[in-house]
Structures are given as structure tokens and as C-alpha cells.
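> Sequence first, then the predicted structure, then my questions.
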Amino acid sequence: MSTTRPADEPNVPADASASPSNPTAFDADELEVIRRVRDSLRSIRFGTVLIVVQDGKVVQIETAEKIRLR
């Protein structure tokens, strides 16, 4: 049996729910962070994406785009 996922979702197994038996799994909040970082990276050509972490959790994502003039 195979499961499908939308093309814009992170490439993680369908059974990747967080549990003690699967410590590398992502929970819903972590998947949301991954999606938002991915979207930030896709939206810029030159610049930076800054991820701010407090108490082991991502609390802010900043994107600064540079526009290069030749």
C-alpha cells in the first residue's frame, strides 16, 4: 500500500509521526517550520533566511532579499 502526498509537502514518510520509537520523526509544528523555511528559500534569489530559536523551538523566520543591479 502506498500513500501519496501533495507535491509541496516536505519529503517525509507518511508514518513519520513523533514517538519514542521513532525519534527522528517530525510533529505537526516541525513540519510547519520546514514548510515555511522551504517557502522562504524558494521566494528569494539572493539574500538570507534567518531562523531564530528559543528553548529549542523555532520562534521566528526572517527573510531578507538582496536585489542585484548590474
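Perfect, thanks for sending it. In this text, all values refer to a predicted model and were calculated from it rather than measured experimentally. Numbers count the residues shown, from 1 in each chain.
> Go through whichever helix or strand T63 is part of and flag the buried ones.
Using DSSP states H and E, T63 sits within strand 57-65. By 16 or more other C-beta atoms under 10 Å, the buried positions in strand 57-65 come out as V58. (Each C-beta comes from the backbone N, C-alpha and C, glycine too.)
> Contacts for it, please.
Strand 57-65 has contacts (C-beta atoms under 8 Å, 6 or more residues apart in numbering) with 29, 33, 36-37, 40, 43-53.
> Walk me through which strands that strand pairs with, and which way each runs.
strand 47-54 (antiparallel) (DSSP bridges).
> quick one, what contacts A28?
Neighbour list for A28: empty [criterion: C-beta under 8 Å, 6+ apart].
> Show me how to select, in ChimeraX, the buried members of the contacts of strand 57-65.
Here is the ChimeraX command that selects the buried residues among these (16+ other C-beta under 10 Å):
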select :33,37,40,49
